[in-house]
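> Sequence first, predicted coordinates after that:
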Amino acid sequence: MLEASRRWRVEGRSIGLVPTMGALHAGHLSLVELARGENDIVVVSIFVNPIQFGPGEDFERYPRDLARDTQMLARAEVDAIYQPSLQVMYPRDSTTRVHVGGVAEPLEGERRPGHFEGVATVVTKLFAAVEPDRAYFGQKDAQQVAVVQRLTRDLDLGVEVRVGPIVREPDGLALSSRNVYLDAGERKAALALSAALREAATAYASGERDPDRLHAVLEARLRAEPLVQVDYAEVVDPATFRKPAGALSELLAVVAARIGKTRLLDNHDLTKPFPG
Ligand code: AMP
């Protein structure tokens, strides 16, 4: 089932691609399910993309377990796993990078210089290799979704970008491959992220519309947890990932925080009730 390069295009059959960095969990599998429902062929890519990690980030220690991933994907009945080598993705003489402006600039773009350039480059290459009709991304990485949508439109990549909802643990923690880094105390502290989003959604539901006051609700909940170091906690327009200019039909609360050595992200559209 492991494949080295492109070969899935068959006349009259649609292809759905789920790009991942492996260390798969139920969040990834939910995207596979979505893809299976909408395509004839499902390809899952597994590639820990070095150029989207900054210096000092967790590229080396990022969890890798191809045997387990392969088993999970076999059970999910995917048609192929595309696992390109580093050499195929970034040959020694490759110098091209895909830069997305605008929505790629604030928040993650500011905190992780080069990150979205790495994401946009790898996504462009994966699309070229797999030639999918549709590609599936998780709302968990909300700004990444916006960047990929911008990229796909601006470069006429001809791929329909589909977005799956955030899959959470029963207690609210968003599933992430990085959750395995958390020890028991940190795992408990990590609940502050989803709790903060829940509280902000409750405030919104009670009539609070002022982004600054909604921001204060997020901050207060996160700061109440000593193990959590807030990177950002903002209420943004999901079209720009910047402060909303006026009233909006969607208002995205986005949080990034460090717990020990682990950096976690979460988000929620405050105009909707928080799940669970
Ligand atoms: P990653 O392997 O972390 O690069 O993630 C691969 C894809 O799975 C990305 O589109 C993520 O947004 C998505 N994903 C990660 N965690 C979740 C989650 N908890 N729920 C839904 N999708 C997720």
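In hand now; what should we look at?

> What is the burial count for P91?
P91 has 9 neighbouring residues, counting by other C-beta atoms under 10 Å. C-betas here are computed from N, CA, C, even on glycine.

> Surely it is in a helix?
No - counting by DSSP: H, G, I helix; E, B strand; the rest coil, P91 is not part of a helix but coil.

> List phi and psi for it.
Note on P91: its backbone torsions stand at phi -60, psi 150 [degrees, to the nearest 10].

> how close does it get to the ligand?
In this structure, P91 and the ligand are separated by 22 Å, where distance is defined by C-beta to the nearest ligand atom, to the nearest Å.

> tell me the pLDDT at that residue?
Reading off the confidence values, P91 has pLDDT 96.

> do the same with the one 4 residues further on
The score at T95 is 97. That number is its pLDDT.

> burial of it, as a residue count?
Using other C-beta under 10 Å, T95 is surrounded by 5 other residues.

> just D212 next, same as before
Neighbour tally, D212, other C-beta under 10 Å: 8.

> same thing with A189?
Here the neighbour count serves as a burial measure; for A189 (other C-beta under 10 Å) it reads 20.

> quick one: contacts for it?
Residues counted as contacts of A189 (C-beta atoms under 8 Å, 6 or more residues apart in numbering) are E225, P226, L227, V228, I259.

> Columns distance to V32 on top of those, output as TSV?
Rendered in TSV, the data for the contacts of A189 read as follows (distance: C-beta to C-beta, whole Å):
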residue	distance to V32
E225	33
P226	38
L227	33
V228	31
I259	28
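
> what two of those are the furthest from one another?
Maximum pairwise distance in these, criterion C-beta to C-beta, is 10.4 Å, between P226 and I259.

> higher neighbour count, the two?
Between P226 and I259, counted using other C-beta under 10 Å, I259 has the larger neighbour count: 23 against 8.

> Now do the nearest residue to that one once chain neighbours are set aside, the pLDDT please.
Using C-beta to C-beta, 6 or more residues apart in numbering and skipping residues adjacent in sequence, the residue nearest I259 is E186, 4.7 Å away. Among the per-residue scores, E186 shows a pLDDT of 98.

> go on, V123?
Here the pLDDT value assigned to V123 is 98.

> Is there a neighbour count for it? I'd like the number.
28.

> Check Y136 too.
With other C-beta under 10 Å as criterion, Y136 counts 26.

> Is the ligand within reach of the helix or strand where it lies?
Here Y136 is covered by strand 134-138, with elements defined by DSSP states H and E. Yes - interface with the ligand: strand 134-138 contributes F137, G138 (C-beta under 6 Å from any ligand atom).

> Helix or strand next in line after that strand, which one?
Towards the C-terminus, the helix or strand next in line after strand 134-138, according to DSSP H and E, is helix 142-154.

> Next to the ligand in this structure, residues from the chain, please.
Where the chain comes near the ligand, counting by C-beta under 6 Å from any ligand atom, the residues are 20-21, 27-28, 30-31, 137-138, 140-141, 164, 166-167, 174-177.

> Of the residues you listed, which belong to strands?
Where the residues of the chain next to the ligand overlap with strands, as defined by DSSP state E, the overlap consists of T20, F137, G138, G164.

> Need the max-distance pair from these.
Looking at these by C-beta to C-beta, the two members farthest from one another are T20 and G164, with 12.1 Å of separation.

> Count the neighbours of G246 for me.
5.

> before we move on, what about the one 3 residues further on?
Other residues within reach of S249, judged by other C-beta under 10 Å, total 7.

> Check the contact between it and T271; I expect there is one.
Yes - proximity of S249 to T271 meets the contact threshold set by C-beta atoms under 8 Å, at 6.7 Å.

> so is A257 in a helix, a strand, or just coil?
In three-state terms, and counting by three-state DSSP, A257 is strand.

> what do you get for V230?
Secondary structure, three-state DSSP: V230 is strand.

> for G207, same thing?
Using three-state DSSP as the criterion, the local structure at G207 reads coil.

> what's it sitting at in phi/psi?
When quoted as degrees, to the nearest 10, the phi and psi of G207 stand at phi 110, psi -10.

> what sits against it?
Applying C-beta under 8 Å, 6+ apart, we find G207 in contact with no residue.

> so what's L252 closest to, chain neighbours aside?
Here the residue nearest L252, using C-beta to C-beta, 6+ apart, is P238, at 4.3 Å.
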